[in-house]
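A.B. asks: output the structure for:
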Amino acid sequence: NTPIFVFDVGGKISNANRLIMGEATHAVILVKDETEVAPWEELCKSLGLSVVAIIHSDYEGVEDVISQETPILRGTVHRLKRGEDVSVRPMIRALAGVLVGLVSGESKNG
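C.D. replies: Modelled structure (predicted):
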């Protein structure tokens, strides 16, 4: 019964996003390219956010890949398309499990 608020800051590091993210406790980094991860990790660290997942979006991919589950969920999610139900995909289900674990206090990610 604990609320969880999830928001998307749009993929760009900005002062407005720093302000929004400053109210958060945890972060999921979703990027198209590996080179985008480090700047987001640095921002999260500077804001005191615990990164619980680093996920690469592979639009051309044909399947999700979970390469690591702890201490941070890592892998790829394929073909994210607005309006499409992706709730049964492995990475989406794994991420949901991480988020539910945060709410229930079962997370090993901080």
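
A.B. asks: all helices of this protein, in order?
C.D. replies: Remark: helices of the chain, listed N- to C-terminal, are 15-21, 37-46, 90-104; assignment by DSSP state H.

A.B. asks: just tell me which of the ones you listed ends up closest to Arg79.
C.D. replies: With Cβ to Cβ as the criterion, Arg79 lies closest to helix 90-104 of the helices of the chain, at 11.4 Å. No exception for glycine: its C-beta is placed from N, CA and C like everyone else's.

A.B. asks: which secondary structure elements does that closest one sit against?
C.D. replies: Using 3 or more Cβ pairs under 8 Å, 6 or more residues apart in numbering; DSSP states H and E as the contact criterion, the neighbours of helix 90-104 among helices and strands are strand 50-58, strand 65-68, strand 73-78.

A.B. asks: which neighbouring elements make contact with the longest one?
C.D. replies: What it means is strand 50-58. For strand 50-58, the helices and strands in contact under the criterion 3+ Cβ pairs under 8 Å, 6+ apart are strand 26-31, helix 37-46, strand 73-78, helix 90-104.

A.B. asks: now the helices of the chain in TSV, with distance to Gly83 and mean neighbour count?
C.D. replies: Listed next are the helices of the chain as TSV, based on distance: least, Cβ to Cβ, whole Å; neighbours: other Cβ atoms under 10 Å:
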stretch	distance to Gly83	mean neighbour count
helix 15-21	24	13
helix 37-46	26	14
helix 90-104	15	16
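
A.B. asks: so which of those helices comes closest to Ile72?
C.D. replies: The closest approach between Ile72 and any of the helices of the chain, judged by Cβ to Cβ, belongs to helix 90-104 at 9.0 Å.

A.B. asks: quick one: that closest one to strand 50-58, angle?
C.D. replies: Direction vectors for helix 90-104 and strand 50-58, defined by axes from the mean of the first three to the mean of the last three Cα atoms, to 10 degrees, enclose an angle of 160 degrees.

A.B. asks: for the residue minimising distance to the centre of the chain, which non-adjacent residue is closest in space?
C.D. replies: Geometric centre of the chain, nearest residue: Val28, 2.2 Å, by Cα atoms, centre = their mean. For Val28, the nearest residue in space outside its immediate sequence neighbours is Ala53; the separation is 4.4 Å by Cβ to Cβ, 6 or more residues apart in numbering.
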